[in-house]
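Colleague: Pasting the sequence and the predicted coordinates here, then a few questions.
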Protein chains: 2
Amino acid sequence: MENLSRKLILITNDDSVDAPGIHHLAECVRSLGDVYVVAPAHPHSGQSAAITVSSPLRINELPPRTEGVRLFTVNGTPVDCVKLALAAILPRRPDIIFAGINHGSNAGVNVTYSGTMGAVLEGCLEGIPSVGFSLLHHSMKADFTLSTAFVAAIAAEIIEKGLPQGVCLNVNIPARVLPEGIKVCRAARGRWTDNYQRYLDPQGIPFYMLSGRFINDEPDADDTDEYWLSRRYVTVVPVAADQTAVAAIKSLAGRFSECADS
Amino acid sequence: MENLSRKLILITNDDSVDAPGIHHLAECVRSLGDVYVVAPAHPHSGQSAAITVSSPLRINELPPRTEGVRLFTVNGTPVDCVKLALAAILPRRPDIIFAGINHGSNAGVNVTYSGTMGAVLEGCLEGIPSVGFSLLHHSMKADFTLSTAFVAAIAAEIIEKGLPQGVCLNVNIPARVLPEGIKVCRAARGRWTDNYQRYLDPQGIPFYMLSGRFINDEPDADDTDEYWLSRRYVTVVPVAADQTAVAAIKSLAGRFSECADS
């Protein structure tokens, strides 16, 4: 029986139902409300805000892996999980959406490609306070325990006070250390380089596998996530659901008023 | 032989190499520079900025379909096409990236899910002026000729004068009419509703297909793309590559400084 006075919390991720991070997140927040986990059946790292547009999606309920937390899978992307949870799984509209804990960094430019943050943006576009959590450790054996108190504290703060309309959060957590504290900051500017390794298949035909490393274009900027993560802080980057570059509208308007006469 | 005094233009899309829109775009801009088309081998609508993280990617050169335009496919997403074009296909760094012409709207909230705009964001993150074009008509038989002059004029303007750093463009074009002109504006706020149709498979097990319709939350706002598209204007929305909600950093900082002591 649903307890309507308690908050309804939806949890999803992009590493799939089999990634330890999502169950650790459920454990961190289960005392804060009624928790549903709706996770991709298979890994969807790097899926950004992708949606499944023309294949059938199926919902599967699995036995709980966290006490009191119902567990579902969807054979789609993180955004599909949020959309289907709202449309067909949850007993009512959730009060909060959490995604993660991702196995790997979503700091800097990674926010663009992140399936974790795709799910978070979807929640934000729905008007629901939404937060993504990522640990800077790719391994499925990553140790999440050092961050437990921080994740629980951030989650409790958002559940209690919500977020500004149109803003969601991208939280990144340093690996293998007890964090020094929390810094609210912006995403560091940078880019990936050496993006691909080239191979030859047995027929001698080339193929490519994504590779590369992140170059921080502003390593000394002390208001960025990469700066504070390297100094053992948990970083909280507010992310806008509306990507319009409002400041550019006016200058561009003059240029295109001429085009319009062409 | 490459003509180094001419601009190098990369064109991609999300509807695949077989969609007429990409070849129409190549035709529109081929007099403006040396044009390479690098398109997904198969449709990738709704793929946002998704990247292929652990499967092999292959590049295929096909016979040209537009005079003087080299044509390649990649068995991946629109962002994969941009990344591999830069890493392994183009003779040098492109001066401009165009994506589209998409078969269907990328106005309003659709920018989040759009594979077309995923490719454009990737170009922008690389520091290359990048523009996505979309026609508000899903059909593969859509008529692109009424928009030719507008697409060519916008493309020429960007090739000549570039774009502000960190800003790319999302251009949408009304269908079946000669546009009235061009408006630079912001993305209309809204959301999709009635997202899924539910079916029963032959075994009686339910599955879901994406459906829904867009609800414009601000139909009377005369500074939005949806407003002007419905009035037969081409809309140009500047989009920020950096999604940080800078205005929210200060107010959130106070809230999380307390968390840090927990």
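Modeller: Received, thanks. Residues are numbered from 1 along each chain as shown, chains lettered A, B, ... in the order given.
Colleague: what about chain A, any weak spots by pLDDT?
Modeller: Confidence mapping of chain A against pLDDT under 70 gives the ranges A:1-4, A:258-262.
Colleague: All the strands of it, in order from the start?
Modeller: With DSSP state E applied, chain A shows strands at A:8-12, A:34-40, A:59-62, A:70-74, A:96-103, A:130-135, A:167-173, A:182-184, A:190-193, A:196-200, A:206-210, A:213-216, A:234-240, listed in chain order.
Colleague: Does the first one reach chain B?
Modeller: No - where contact is defined by CB under 8 Å from any CB of the partner chain, no part of strand A:8-12 touches chain B; the two come within 15.0 Å at best. C-beta: built from backbone N, CA, C; applies to glycine.
Colleague: Format the CA atom coordinates belonging to that strand as PDB.
Modeller: The C-alpha coordinates for strand A:8-12 follow below in PDB (Å, rounded to 0.1, in the frame of the first residue of the first chain):
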ATOM      1  CA  LEU A   8       8.000   9.000  -4.400                       C
ATOM      2  CA  ILE A   9      11.600   8.600  -5.700                       C
ATOM      3  CA  LEU A  10      12.500   7.200  -9.200                       C
ATOM      4  CA  ILE A  11      16.000   5.900  -9.700                       C
ATOM      5  CA  THR A  12      17.500   5.000 -13.100                       C
END
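Colleague: Show me what counts as buried in that strand.
Modeller: By neighbour count, with 16 or more other CB atoms under 10 Å in any protein chain shown as the criterion, the buried positions of strand A:8-12 are A:8, A:9, A:10, A:11, A:12.
Colleague: got the angle between it and strand A:130-135?
Modeller: Using axes from the mean of the first three to the mean of the last three CA atoms, to 10 degrees, the inter-axis angle of strand A:8-12 relative to strand A:130-135 is 40 degrees.
Colleague: isn't residue A:179 right up against residue A:146?
Modeller: Yes - with contacts counted by CB atoms under 8 Å, residue A:179 reaches residue A:146, the gap being 7.4 Å.
Colleague: out of the two, which sits in the more crowded spot?
Modeller: Between residue A:179 and residue A:146, counted using other CB atoms under 10 Å in any protein chain shown, the more crowded position is residue A:179 (20 against 15).
Colleague: if I pick that one, what's in contact with it?
Modeller: By CB atoms under 8 Å, 6 or more residues apart in numbering or on different chains, the residues touching residue A:179 are A:146, A:147, A:150, A:173, A:232, A:233, A:234.
Colleague: just residue A:214 next, same as before
Modeller: Going by CB under 8 Å, 6+ apart, residue A:214 touches A:108, A:109, A:110, A:190, A:191, A:192.
Colleague: Skipping adjacent residues, who's closest to the third one in space?
Modeller: Looking back up the chat, that one is residue A:110. residue A:214 (7.5 Å; CB to CB, 6 or more residues apart in numbering or on different chains).
Colleague: cool, and the last one?
Modeller: Distance criterion CB to CB, 6+ apart; nearest residue to residue A:192, sequence neighbours excluded, is residue A:212 at 4.3 Å.
Colleague: The one you found and residue A:195 touch, don't they?
Modeller: Yes - in this structure, residue A:212 is within contact of residue A:195 by CB under 8 Å, at 4.3 Å.
Colleague: So which of these two has more stuff around it?
Modeller: Using other CB under 10 Å as the criterion, residue A:212 and residue A:195 rank with residue A:195 on top: 19 against 14.
Colleague: Same list, the contacts of residue A:179, but only the ones touching chain B.
Modeller: Checking the contacts of residue A:179 against chain B by CB under 8 Å from any CB, the ones in range are residue A:150.
Colleague: Are any of the contacts of residue A:179 buried, and if so which?
Modeller: Burial by neighbour count, judged by 16+ other CB under 10 Å, picks out A:147, A:150, A:173, A:233, A:234 from the contacts of residue A:179.
Colleague: What residues are bridge-paired with the residue nearest to residue A:100 when sequence neighbours are not counted?
Modeller: Closest residue to residue A:100 apart from its sequence neighbours, by CB to CB, 6+ apart: residue A:133 at 3.5 Å. Taking DSSP bridges as the rule, residue A:133 bridges to residue A:171.
Colleague: burial measure for residue A:133, as a count.
Modeller: Applying other CB under 10 Å, I find that residue A:133 has 31 neighbouring residues.
Colleague: do you know how far it is from chain B?
Modeller: Noted for residue A:133: a distance of 13 Å to chain B, by CB to the nearest CB, to the nearest Å.
Colleague: residues touching that residue, list them.
Modeller: A:21, A:25, A:98, A:99, A:100, A:101, A:102, A:116, A:151, A:154, A:171, A:173.
Colleague: any idea which of the residues you listed is the one closest to chain B?
Modeller: Among the contacts of residue A:133, residue A:154 lies closest to chain B (CB to the nearest CB), at 5.9 Å.
Colleague: my read: that closest one touches residue A:235, true?
Modeller: No - the pair residue A:154 / residue A:235 is not scored as a contact, 11.0 Å apart, by CB under 8 Å.
Colleague: list the residues that contact both of the two?
Modeller: Common neighbours of residue A:154 and residue A:235, using CB under 8 Å, 6+ apart, are A:171, A:182.
Colleague: picking up where we left off before, beta-bridge partners for the residue nearest to residue A:110, please?
Modeller: Per DSSP bridges, the residues bridged to residue A:214 are residue A:192.
Colleague: quick one: it from chain B, how far?
Modeller: Computed as CB to the nearest CB, the residue A:214 to chain B distance reads 12 Å.
Colleague: Could you do residue A:46 as well?
Modeller: Residue A:46 is 4 Å from chain B, where distance means CB to the nearest CB.
Colleague: Surely that residue is in contact with residue A:111?
Modeller: No - judged on CB under 8 Å, residue A:46 makes no contact with residue A:111 at a distance of 11.9 Å.
Colleague: neighbour count winner among those two?
Modeller: Per other CB under 10 Å, whichever of residue A:46 and residue A:111 has more neighbours is residue A:111, with 27 against 24.
Colleague: and that one, what does it touch?
Modeller: Residue A:111 sits in contact with A:117, A:170, A:187, A:237, A:239, B:243, where contact means CB under 8 Å, 6+ apart.
Colleague: go with 6 Å
Modeller: Contact partners of residue A:111, counting by CB atoms under 6 Å, 6 or more residues apart in numbering or on different chains, are A:117, A:170, A:187.
Colleague: Near the second one, how many other residues are there?
Modeller: In other words, residue A:170. Counted with other CB under 10 Å, residue A:170 comes out at 28.
Colleague: again, but for the last one
Modeller: Neighbours of residue A:187 under the rule other CB under 10 Å: 24.
Colleague: pull the CA atoms of stretch A:179-188 into CSV?
Modeller: Extracted in CSV, the C-alpha atoms of stretch A:179-188 (Å, rounded to 0.1, in the frame of the first residue of the first chain):
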residue,chain,number,x,y,z
PRO,A,179,35.8,13.7,-0.2
GLU,A,180,36.9,17.0,1.3
GLY,A,181,33.5,18.6,0.8
ILE,A,182,31.1,19.9,-1.9
LYS,A,183,31.7,22.6,-4.5
VAL,A,184,29.0,24.0,-6.7
CYS,A,185,30.7,25.0,-10.0
ARG,A,186,30.5,25.0,-13.7
ALA,A,187,31.5,22.3,-16.2
ALA,A,188,35.2,22.6,-17.3
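Colleague: residues of it that come out buried?
Modeller: Buried residues in stretch A:179-188, defined by neighbour count with 16+ other CB under 10 Å: A:179, A:181, A:182, A:183, A:184, A:185, A:186, A:187, A:188.
Colleague: The spatially closest residue to residue A:193 that is not a sequence neighbour: neighbouring residues, count only.
Modeller: Of all residues not flanking residue A:193 in the chain, residue A:215 sits nearest, at 5.3 Å (CB to CB, 6+ apart). By other CB under 10 Å, the residues close to residue A:215 number 14.
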